[in-house]
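[1] Okay, sequence plus prediction incoming.
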Amino acid sequence: MKELLGLAGVSNAVGATTDCILKMVERGEFPEPVAVASGFKFWDENEVHAWIEAPKQESPEVEADDQGWMPVVYVAGPYRAPTREGVELNIQAAKSVAARAAQKGYAVLCPHMNTAHMDLIVPVMTDAYWLTATKELMRRCDLVVLVPGYSESEGTRAEIEEAKRLGMDIFCCVDKLPDLFQVEADD
């Protein structure tokens, strides 16, 4: 029997908001739901994971300017969770968003990957330390992209406020990040 995922489960697995998932389905960029019942959509879990693992279109070389500059995107989203499994799921969601941003041509700073499980390695460091450190990393970036679930995270809300104060562009979904390159069709 097929294991099915609802829209929220697909959103968590892919690392995109539910709106982004539905837009990708509309554009034919994501598998269609396999079942619809009472207005709810369900996806075959195997198809979703196959889509996640499938190689995406190879990106052409991104041209840097004369000094080698390219925009750096900061990935902001929840890290903490009630369980270690929840923390790992948050890290994987951020990793998925980071990978998609890289495919669009951005240099990516994803603190979830940079400091993954550091709270276990250096338990004396407080949440305040980690938030201060991640906000400092964010200040050195050019724009911010959010991971699904960001609105539930106190730390991410603080990062968003700082990004707004700095006048940084904030994208609520990696799908909204503009591509930095044009894919030319072969003649």
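    Received, thanks. Numbers count the residues shown, from 1 in each chain.

[2] got a list of what T18 touches?
    Applying Cβ atoms under 8 Å, 6 or more residues apart in numbering to T18 gives the contacts 7-8, 10-11, 148. For glycine as for every other residue, the C-beta is placed from the backbone atoms N, C-alpha and C.

[3] List the buried residues for stretch 113-133?
    Judged by neighbour count using 16 or more other Cβ atoms under 10 Å, the buried positions of stretch 113-133 are 115-116, 119, 130-131.

[4] Let me know the closest of those to L137.
    L137 lies nearest to T115 out of the buried residues of stretch 113-133, by Cβ to Cβ, at 9.4 Å.

[5] Surely the closest one and W130 touch.
    Yes: with contact defined as Cβ atoms under 8 Å, T115 and W130 form a contacting pair (6.9 Å).

[6] still on that earlier bit, just the buried ones among the contacts of T18, please.
    7, 10-11, 148.

[7] What is the lowest-pLDDT residue among the residues you listed?
    Checked by pLDDT, the buried ones among the contacts of T18 have S11 as the lowest-scoring entry (77).

[8] need the strands for this structure, in chain order.
    Assigned by DSSP state E, the strands in the chain fall at 4-6, 35-37, 40-44, 72-76, 107-109, 143-146, 169-171.

[9] Quick one: closest of these to A93.
    strand 72-76 (9.6 Å).

[10] From the contact counts, what lies against the closest one?
    helix 84-103, strand 107-109, helix 111-114, helix 127-139, strand 143-146, helix 154-166 (3 or more Cβ pairs under 8 Å, 6 or more residues apart in numbering; DSSP states H and E).

[11] now the strands of the chain in a markdown table, with mean neighbour count, distance to T156 and mean pLDDT?
    Formatted as a markdown table, the strands of the chain follow (neighbours: other Cβ atoms under 10 Å; distance: least, Cβ to Cβ, whole Å; pLDDT from 0 to 100):
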| stretch | mean neighbour count | distance to T156 | mean pLDDT |
| --- | --- | --- | --- |
| strand 4-6 | 18 | 23 | 84 |
| strand 35-37 | 10 | 32 | 73 |
| strand 40-44 | 18 | 26 | 85 |
| strand 72-76 | 26 | 5 | 95 |
| strand 107-109 | 18 | 14 | 93 |
| strand 143-146 | 24 | 7 | 94 |
| strand 169-171 | 15 | 11 | 91 |
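
[12] and those as a markdown table, adding distance to A98?
    Formatted as a markdown table, those follow (distance: least, Cβ to Cβ, whole Å):
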| stretch | distance to A98 |
| --- | --- |
| strand 4-6 | 22 |
| strand 35-37 | 31 |
| strand 40-44 | 23 |
| strand 72-76 | 5 |
| strand 107-109 | 5 |
| strand 143-146 | 9 |
| strand 169-171 | 13 |
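
[13] among those, which is nearest T126?
    Comparing those by Cβ to Cβ, strand 72-76 comes nearest, at 19.5 Å.

[14] What pairs with the closest one, parallel or antiparallel?
    Paired with strand 72-76 in the same sheet, following DSSP bridges, are strand 107-109 (parallel), strand 143-146 (parallel).
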